[in-house]
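> next come a sequence and a model predicted from it.
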Amino acid sequence: MQSHKPTILVLASTFPRWKGDTEPRFVYDLCLHLKEKFTVIVLAPHSKGTQSTENMDGLSIIRYRYAPEKLETLAYEGGITAKLKSNKLNYLTLPFFFFGQWLAIIKILRQHPVKVIHAHWLIPQGFLALLARIFSSNKPTILCTSHGGDLYGLNDPISKVIKRYVIKNVEKMTVVSSAMQNEILKLVPEASLPSVAPMGTDLTNLFTPDDSVQREKYQLLFVGRLVEKKGLVYLLKALPEIISKFPEIQLRIAGSGPEQQILEKLAESLKIQQHIQFLGRLSHSELVTEYRKATLSVFPFIQANNGDIEGLGLVMIEAMGCGCPVVVSDIDAVQDVLIDNQTGVFILPKETKIITDKINNLLSDPEKRMQLAKQARKVVLEKFSWEESAKQYASSISRLI
């Protein structure tokens, strides 16, 4: 029996490849909440080990091919930008990546009554949605969501032209933090102010506190891709001074990425490697365990040399949801989440002395950590649950229909 729910097509280059995958799953989780009101088709890149088509929890997943399987390595495990930076040969597959997605969008528009395309990221998804619509008799409206890396990074002249084209021509733009609104207007001053619609986090069933788990006294946790904008270099540089005051301190690093070897060599040169564990990419359930055990989670975000900077920082919200106190760089995007000394503690990007002092102060003050964690959990529940986020997106999509 055919569904009477309107059909939406979701475009993403980051999406779980299979059940239990460690890839970021925020697009997947949003789709799960949207399927109550819409028939959801998801288009994502194919890669080794993935199915070309499948039904995953009521979502119709289509994965487009763009090269022989052994060469389909451009997406996933760190993201496209990191892959291009780490190996220039990946640029050879980039045109096929774009072309494969463009053709797949056109084919879906011909075969399904798509009412709205929800494109995650300006480039390539927003741009390719617009190009595909030109060549299709089906002319769905387009909602484009920028997550930060696409907006702040990709600052070469061609990318800027493409970003402006997308912002001007999609029917609706959303961004995941207030700071990104001004960045959109810098690119296109005549654009309508985009709506702020952050991704959500499962703060009800997954990222929750557990009073039966005893927190470690001297354990720091970092979660994120090992790329420049995460600022992990500066936490490592701060660690010797922290160790001098707290010799038992351990830093657990959950994530992988192109900078891992650089970070390992830095730890070795600082003679702190015995205080650090590189855990690799963890599943959501494994991350919950880490958040519940850590004394503090530290997110020393910076602006990368190419202009890229964190758009929101869901890992920070996950930690807060689990009742883990957070220390976070004072960047614009974080202002939507953190109130200094109420829901967490701010540090200045790249300032190792300040990072050291703030962490040492919190390690010495368990009562302060408890107060921060309690208030933080309350704030993120109000603003960043999936129920709240999905409601915003469902409303935007319904208006476009």
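Structure's in. What do you need?
> any chance you could map the helices in the stretch 101-250 of the chain?
127-134, 149-152, 157-169, 179-187, 232-245 (DSSP state H, counting those that start in this stretch).
> most tightly packed of those helices?
Mean neighbours per residue, mean count of other CB atoms under 10 Å, is largest over these for helix 149-152, with a mean of 24. Yep, even glycine has a C-beta here, placed from its N, CA and C like the rest.
> what are the buried residues along stretch 324-343?
324-334, 336-338, 343 (16 or more other CB atoms under 10 Å).
> on that earlier part again, export the helices of the stretch 101-250 of the chain to TSV and tack on distance to Ala304?
Rendered in TSV, the data for the helices of the stretch 101-250 of the chain read as follows (distance: least, CB to CB, whole Å):
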stretch	distance to Ala304
helix 127-134	22
helix 149-152	8
helix 157-169	15
helix 179-187	15
helix 232-245	11
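> who wins for proximity to Lys35 among those?
helix 127-134 (20.0 Å; CB to CB).
> which residues are contacting the closest one?
For helix 127-134, the external contacting residues (CB atoms under 8 Å, 6 or more residues apart in numbering) are 11, 98, 101-102, 105-106, 109, 117, 119, 139-140, 142, 144, 162, 165-166, 169-170.
> all the strands of the chain, in order from the start?
In the chain, the strands defined using DSSP state E lie at 7-11, 39-45, 53-56, 59-64, 114-120, 141-146, 172-175, 195-196, 219-223, 250-254, 276-280, 296-299, 326-329, 345-347.
> what's the domain layout of this protein?
7-199+386-400, 219-383 (automatic domain parsing).
> with distance to Val213 and mean pLDDT added, can I get those domains in a markdown table?
Formatted as a markdown table, the domains of the chain follow (distance: least, CB to CB, whole Å; pLDDT from 0 to 100):
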| stretch | distance to Val213 | mean pLDDT |
| --- | --- | --- |
| domain 7-199+386-400 | 22 | 94 |
| domain 219-383 | 4 | 95 |
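> re the thing from before, may I ask which two of the buried residues of stretch 324-343 are separated the most?
Of all pairs in the buried residues of stretch 324-343, the most separated under CB to CB is Cys324 and Asp332 at 23.1 Å.
> next, the buried residues of stretch 115-129.
For stretch 115-129, by 16+ other CB under 10 Å, it's 115-129.
> dump the residue contacts of Gln214.
If you count contacts by CB under 8 Å, 6+ apart, then Gln214 has Lys293 around it.
> residues near Lys70, how many?
Other residues within reach of Lys70, judged by other CB atoms under 10 Å, total 7.
> surely it meets Gly49?
No. Checked against CB atoms under 8 Å, the pair Lys70 and Gly49 is beyond contact range at 11.5 Å.
> mind pulling up the pLDDT for the nearest residue to Ile249 once chain neighbours are set aside?
Using CB to CB, 6 or more residues apart in numbering and skipping the chain neighbours, the partner closest in space to Ile249 is Tyr218 (4.6 Å). For Tyr218, the model assigns a pLDDT of 97.
> now Tyr218: how far from Phe299?
Using CB to CB, to the nearest Å, one obtains 19 Å as the distance from Tyr218 to Phe299.
> over to Lys70?
For Lys70 relative to Phe299 (CB to CB), the value is 35 Å.
> equivalent analysis for Asn155, please.
23 Å.
> just want to know which of those two has more residues nearby.
Taking neighbours as other CB under 10 Å, Asn155 and Phe299 compare with Phe299 leading, 26 against 12.
> tell me how far the residue nearest to that one when sequence neighbours are not counted lies from Arg292.
By the measure of CB to CB, 6+ apart, the closest residue to Phe299 outside its immediate chain neighbours is Val328, 4.7 Å from it. Distance from Val328 to Arg292, counting by CB to CB: 19 Å.
> thought Gln250 was touching Lys217?
No. The pair Gln250 / Lys217 is not scored as a contact, 10.3 Å apart, by CB under 8 Å.
> ok, the two, which is more surrounded?
Set Gln250 next to Lys217 and count neighbours by other CB under 10 Å: Gln250 wins out with 17 against 11.
> quick check: closest non-adjacent residue to the more buried one.
Here the residue nearest Gln250, using CB to CB, 6+ apart, is Gln219, at 5.2 Å.
> over to Arg63?
Nearest to Arg63 is His46, by CB to CB, 6+ apart, at 4.0 Å.
> can you check the pLDDT for Gln2?
Looking at Gln2, the pLDDT reads 52.
> ends of stretch 138-148, what's the gap?
30 Å (CA to CA, to the nearest Å).
> now do stretch 213-226
28 Å.
> and if you look at stretch 253-268?
End-to-end distance (CA to CA), stretch 253-268: 15 Å.
> neighbouring contacts of that stretch?
77-78, 82, 85-86, 221-228, 230, 232-233, 236-237, 273, 276-282, 286-287, 290.
> just the buried residues out of the residues you listed, in ChimeraX syntax.
Buried residues among the contacts of stretch 253-268 (16+ other CB under 10 Å), as a ChimeraX selection:
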select :78,82,85,221,222,223,224,225,226,227,228,230,232,233,236,237,276,278,279,281,282,287,290
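> neighbours around Ser269, how many?
Neighbours of Ser269 using other CB under 10 Å come to 10.
> residue contacts, it?
No contacts exist for Ser269 under CB under 8 Å, 6+ apart.
> how close does it sit to Leu236?
Taken as CB to CB, the span from Ser269 to Leu236 is 10 Å.
> check Arg63 too.
37 Å.
> same deal with Leu103?
44 Å.
> same question for His112.
Applying CB to CB to His112 and Leu236 gives a distance of 49 Å.
> now swap in Gly126 and tell me
For Gly126 relative to Leu236 (CB to CB), the value is 36 Å.
> with Gln303 instead?
18 Å.
> for Val188, same thing?
39 Å.
> Leu263 now?
Leu263 is 6 Å from Leu236, by CB to CB.
> helices of the stretch 251-400 of the chain, start to end?
260-269, 284-293, 314-321, 352-363, 366-383, 386-400.
> from the chain's centre, how far out does the third one sit?
Taking CA atoms, centre = their mean, to the nearest Å, the mean C-alpha location of helix 314-321 is offset from the chain mean by 12 Å.
> before we move on, what about the last one?
Between the centre of helix 386-400 and the centre of its host chain there is 19 Å, according to CA atoms, centre = their mean.
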